[in-house]
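Peer 1: Sequence and predicted structure are below.
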Amino acid sequence: MTVQGPRLVLFDMDGVLADTVSSWVSVHDHFRVSNEENFRRFSRGDIDEMEFIRSDVGLWKSRKSDVSIDDLRSILDRVPLMAGAKETVRELKREGVRTAIISGGIDILADRVRAETGIDLALANGLACDAGGRLTGEGILRVRIRDKGESAREVMSMLGVRMDECASVGDTATDIPLFRNTHMGIAFNPAQREVEEEADYTVRGRDLTGILDCLKEWDRK
């Protein structure tokens, strides 16, 4: 970037760092199930985040009763990184910028993306399993889908970074709280108009390095 910029960039994962609509949907597709009804129930407020996870895992277990963490890892290992993800993180690290993932997606993929890109920290949701590695049906909630801002503040506190020193990158309405809790919000291929309207900058195309040009405008924000 070669100019004054943020000290921390927060990334959504699915559709931003990982080239998939959703890590959850990647697993649904593998088992040939649909969570549309579960999503509608969650959107109406009929179920909370934990019940949403339980309902999704229940769909998988209806196809394979002993589905395991290794099964999910095998599925999610096939999800590609977004083009430019490694290069973007490398450039940010070269400039001394910290990076973190804040995702309502599955931690198995978040941990892999963190390892492959060199991102400093990953916060995503997990799945409980028994001693044999089989899913129990329970989830591990680390990121509230309805309030990623809470997670953003948690990460900033952990890393000693202020809101006005932080940028965020997301693509869906659940990322709007990230934008509202950081100095600069960047919409990457936004899925809804409201996401673009809430962001300071919008990047279109399948190359994440495009966000670096936005970060060069940091001093003008």
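Peer 2: In hand now; what should we look at?
Peer 1: Now residue 214. Nearest residue, chain neighbours left out?
Peer 2: Take residue 214 and drop its neighbours on the chain: the residue closest to it by CB to CB, 6 or more residues apart in numbering is residue 201, 4.0 Å away. (Each C-beta comes from the backbone N, C-alpha and C, glycine too.)
Peer 1: Would you check how far apart that neighbour and residue 109 are?
Peer 2: Remark: distance between residue 201 and residue 109 (CB to CB, to the nearest Å) = 26 Å.
Peer 1: Check residue 163 too.
Peer 2: To residue 109, residue 163 is 27 Å away according to CB to CB.
Peer 1: which of those two has more neighbours?
Peer 2: The neighbour comparison of residue 163 against residue 109 (other CB atoms under 10 Å) goes to residue 109, with 28 against 13.
Peer 1: can you tell me the helix or strand for that one?
Peer 2: In this assignment (DSSP states H and E), residue 109 forms part of helix 107-117.
Peer 1: can you check residue 53 too?
Peer 2: Applying DSSP H and E, one finds residue 53 within helix 49-63.
Peer 1: Please list the outside residues in contact with that helix.
Peer 2: Applying CB atoms under 8 Å, 6 or more residues apart in numbering, the contact partners of helix 49-63 are 24, 27-28, 31-35, 38-39, 41-42, 47, 67, 125, 127, 135, 137-139, 141, 144-146.
Peer 1: How far off centre is that helix?
Peer 2: Taking CA atoms, centre = their mean, to the nearest Å, the mean C-alpha location of helix 49-63 is offset from the chain mean by 19 Å.
Peer 1: Tell me where the chain has helices.
Peer 2: 23-31, 36-44, 49-63, 69-76, 85-94, 107-117, 148-159, 176-180, 193-198, 210-215 (DSSP state H).
Peer 1: list the helices and strands the first one packs on?
Peer 2: So that's helix 23-31. Judged by 3 or more CB pairs under 8 Å, 6 or more residues apart in numbering; DSSP states H and E, the packing partners of helix 23-31 are helix 49-63, helix 69-76, strand 98-106, helix 107-117.
Peer 1: what mean pLDDT does the second one have?
Peer 2: If I follow you right, that is helix 69-76. Averaging pLDDT along helix 69-76 yields 97.
Peer 1: Could you list every helix and strand in contact with it?
Peer 2: Counting contacts by 3+ CB pairs under 8 Å, 6+ apart, helix 69-76 packs against helix 23-31, helix 107-117, strand 121-129.
Peer 1: Could you list the buried residues of that helix?
Peer 2: 69, 71, 72, 75, 76 (16 or more other CB atoms under 10 Å).
Peer 1: Can I get these in CSV including distance to residue 181?
Peer 2: Formatted as CSV, the buried residues of helix 69-76 follow (distance: CB to CB, whole Å):
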residue, distance to residue 181
69, 31
71, 35
72, 30
75, 32
76, 28
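Peer 1: ok, back up a step: filter the contacts of helix 49-63 to the buried ones?
Peer 2: Buried members of the contacts of helix 49-63, scored by 16+ other CB under 10 Å, are 24, 27-28, 31, 33, 35, 38-39, 42, 47, 67, 125, 127, 135, 137, 139, 144-145.
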